[in-house]
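1. Predicted structure and sequence below. I'll ask about it afterward.
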Number of protein chains: 2
Amino acid sequence: MKLINQLSKETGIPIGTIRFYEKSGLVKGQTKKEVTTNNYVYYDEETVEKLRFIQMAKAVGFTLSEIKEVVDAWYKKQISKVAKIEVLNKKLLQIDEKMKELKAVKKQIAVCIYNIESAVD
Amino acid sequence: MKLINQLSKETGIPIGTIRFYEKSGLVKGQTKKEVTTNNYVYYDEETVEKLRFIQMAKAVGFTLSEIKEVVDAWYKKQISKVAKIEVLNKKLLQIDEKMKELKAVKKQIAVCIYNIESAVD
DNA sequence: ATTAACTATACAGTATACTTCATACTTGTT
DNA sequence: AACAAGTATGAAGTATACTGTATAGTTAAT
């Protein structure tokens, strides 16, 4: 169990951003009942995993609310098995779509480089 | 040569967004000097290509300013061949990075689905 | 000629995702 | 004891990328 500063260092995500994610319901720490002098929040390894997932998913263009759907399907106990799988399979389709777009962008740029290289000044 | 309404319909990008992109320097139409009664702006096929590129690049998480770098390297005559190629090669690296992240996200979700499916209710 | 639809411009407003600031309390070090 | 560094909370501010509104002129169809 780690405090927010350590969590931030391990993931490279700023403290302010982690707090923002917590307010948005993406991650959740917990206070220790045995500690009575403060209300410091502790985070577990699962939170580290979640944050790394959020980083990657953001990098490939998913919004926080799209990411929240996945994280909820992943961890929330209230959601039924069937509903979770439905959400996740939809995400897989979106990922394949992005994969295609990424390849198209790459190809476009490769062609562009070729054209520039073979152009006469 | 097409007007903004047609351009919008061909690409699926709202008129307001196209105007916003034009203000941001991503695309550029031109007025016809022979038309003197209005200042309607006409767009060519190159603009359609650019807009399609912008759509894809945005879908995989590139920002408009990152996209602008590519579009400038692609079309701007003021930029030297060497500088253009440098920009584009950097983009290719970023794309490979995104490709990796996309695969990691996919794997993560696939594992997640497997875990849910094999879990006992 | 009228009127619906299209175009241009400028500016205000919105959504998302942070980021900073102010305040106040807690902990660890010297 | 003092003080730097860490933590919590709330609210305001910022950047990006649109989105909507208001105004005014233009074009096409009836």
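-> Nice, thanks for sending it over. Residues are numbered from 1 along each chain as shown, chains lettered A, B, ... in the order given.
2. Just give me the neighbour total for A:Val71.
-> 19 (other CB atoms under 10 Å in any protein chain shown). Placement of C-beta: from N, CA and C, glycine included.
3. Need the three-state assignment for it.
-> What DSSP: H, G, I helix; E, B strand; the rest coil gives for A:Val71 is helix.
4. confidence score at it?
-> A:Val71 carries a pLDDT score of 97 in this model.
5. now swap in A:Asp121 and tell me
-> At A:Asp121, pLDDT is 73.
6. Not counting its neighbours along the chain, what's nearest it?
-> B:Lys81 (6.8 Å; CB to CB, 6 or more residues apart in numbering or on different chains).
7. Just want the phi and psi numbers for the one you found.
-> With angles defined as degrees, to the nearest 10, B:Lys81 sits at phi -50, psi -50.
8. which stretches of chain A form helices?
-> In chain A, the segments counted as helices under DSSP state H are A:4-11, A:15-23, A:45-59, A:64-75, A:81-118.
9. rewinding a little: what is the burial count for the residue nearest to A:Asp121?
-> So B:Lys81, with other CB under 10 Å, has 12 neighbours.
10. Name all residues that make contact with it.
-> When contacts are counted by CB atoms under 8 Å, 6 or more residues apart in numbering or on different chains, B:Lys81 touches A:116-117, A:119, A:121.
11. Tell me the buried residues within the residues you listed.
-> A:Ile116 (16 or more other CB atoms under 10 Å in any protein chain shown).
12. List just the nearest of the contacts of B:Lys81 to B:Val35.
-> Nearest to B:Val35 among the contacts of B:Lys81 is A:Ala119, at 32.9 Å by CB to CB.
13. Need the per-residue pLDDT for the closest residue to the closest one other than its chain neighbours.
-> Distances taken as CB to CB, 6+ apart put B:Lys81 closest to A:Ala119, at 7.2 Å, once the chain neighbours are dropped. Per-residue confidence at B:Lys81 stands at 95 (pLDDT).
14. Check A:Asn39 too.
-> For A:Asn39, pLDDT reads 96.
15. ok now do it, which residues does it touch?
-> Counting by CB under 8 Å, 6+ apart, A:Asn39 makes contact with A:Thr31.
16. and with 10 Å instead?
-> A:31-32 (CB atoms under 10 Å, 6 or more residues apart in numbering or on different chains).
17. circling back: can you name the two of the contacts of B:Lys81 that sit furthest apart?
-> A:Glu117 and A:Asp121, at 11.4 Å, using CB to CB across the contacts of B:Lys81.
18. Redo the helices of chain A as TSV? Include distance to B:Gln30.
-> Output for the helices of chain A, formatted as TSV (distance: least, CB to CB, whole Å):
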stretch	distance to B:Gln30
helix A:4-11	48
helix A:15-23	43
helix A:45-59	36
helix A:64-75	38
helix A:81-118	22
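19. middle-most residue in chain A, spatially?
-> In chain A, the C-alpha closest to the average C-alpha coordinate belongs to A:Ile54, at a distance of 1.0 Å (CA atoms, centre = their mean).
20. Could you report the neighbour count for the nearest residue to that residue once chain neighbours are set aside?
-> Counting by CB to CB, 6+ apart, A:Ile67 is the residue found nearest to A:Ile54 once chain neighbours are left out, at 5.6 Å. Taking other CB under 10 Å as the neighbour definition, A:Ile67 ends up with a count of 22.
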